[in-house]
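Engineer: What follows is a predicted structure for the sequence shown.
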Amino acid sequence: MVQLQKRDEKIKYKIRRMKLADVSAVVKVHSQSFSRQLESEEWISCNFKAYPRVRIYLAQVDEETVGYIQWIEKSGFRREVVLELEQIAVMPTWRNQGVGSSLISSSLSLIKKELVSRGSALKHVLVTTRTDNDAQKLYKETLKASVEATIPDLFSADEVIMISRDISVA
Ligand SMILES: CC(C)(COP(=O)(O)OP(=O)(O)OC[C@H]1O[C@@H](n2cnc3c(N)ncnc32)[C@H](O)[C@@H]1OP(=O)(O)O)[C@@H](O)C(=O)NCCC(=O)NCCS
């Protein structure tokens, strides 16, 4: 359990790997967070099935799923792993209270342990986002990631590619 401050109360929440029974709760967060992305249920379901290439973790308060994070292992299962933080979303009413930061740091430490148990280690974390998305700040703070390239007009606008090359600090 992790504690976070919500207004004047201390709220306990947990971060754990997604299970099949969580699909509809994660779909709800996805559909409320990404207005341009279609077919939420199909997107979440097919990604869930792709474990361990795709790993999804969620943040829960009591029984409510308030956010999720989706990591992708890139370019095969290697000894030195490059992970992509492909997607993170927190329910609008739960934002700016530390859930996103905790999702990143807690899930990453769970993944690092899984990698060690199969004889691998994390090398870099890759993450992309729109140039105008505040999530850039979150990635700088939680992952020590830096912008390495900007791609004009990729999805809906210009996109930055950020890399964390010293992931031991995160
Ligand atoms: C990006 C996103 C996941 C961040 O989640 P979040 O739970 O709001 O993240 P955090 O609360 O950890 O951090 C966000 C900000 O709140 C601040 N914060 C954290 N705890 C806080 C608290 N208790 N009180 C006030 N502010 C707080 C953080 O410092 C951070 O500030 P900054 O942007 O100035 O650095 C969320 O905004 C979201 O779902 N956005 C829509 C989907 C999206 O764009 N996803 C990213 C692209 S894939």
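Structural biologist: Ah, there it is.
Engineer: who touches the residue of the chain found nearest the ligand in this structure?
Structural biologist: Nearest residue of the chain to the ligand: residue 100, at 2.5 Å (C-beta to the nearest ligand atom). Any C-beta I mention is one placed from the backbone N, CA and C, and that applies to glycine too. Residue 100 makes contact with 67, 88, 90, 135, 138, according to C-beta atoms under 8 Å, 6 or more residues apart in numbering.
Engineer: I'd say the fourth one and residue 141 touch.
Structural biologist: Read that as residue 135. No - checked against C-beta atoms under 8 Å, the pair residue 135 and residue 141 is beyond contact range at 10.6 Å.
Engineer: between the two, which one's more packed in?
Structural biologist: residue 135 (16 against 12; other C-beta atoms under 10 Å).
Engineer: Could you give the backbone dihedrals for that one?
Structural biologist: Dihedral angles of residue 135 (phi, psi; degrees, to the nearest 10) stand at phi -60, psi -20.
Engineer: Also the one 10 residues further on?
Structural biologist: The phi and psi values for residue 145, taken as degrees, to the nearest 10, are phi -80, psi 150.
Engineer: And the one 5 residues further on, by the same measure?
Structural biologist: Here is the backbone geometry of residue 150 (degrees, to the nearest 10): phi -130, psi 130.
Engineer: Repeat that for residue 90.
Structural biologist: Dihedral angles (degrees, to the nearest 10) for residue 90: phi -130, psi 140.
Engineer: low pLDDT regions in this protein?
Structural biologist: 1-9, 168-170 (pLDDT under 70).
Engineer: So residue 23 sits against residue 41, correct?
Structural biologist: Yes - taking C-beta under 8 Å as the definition, residue 23 is a contact partner of residue 41 at 7.1 Å.
Engineer: Settle it for me: which of these two has more neighbours?
Structural biologist: Taking residue 23 and residue 41 together and counting by other C-beta under 10 Å, residue 23 has the greater number of neighbours (16 against 13).
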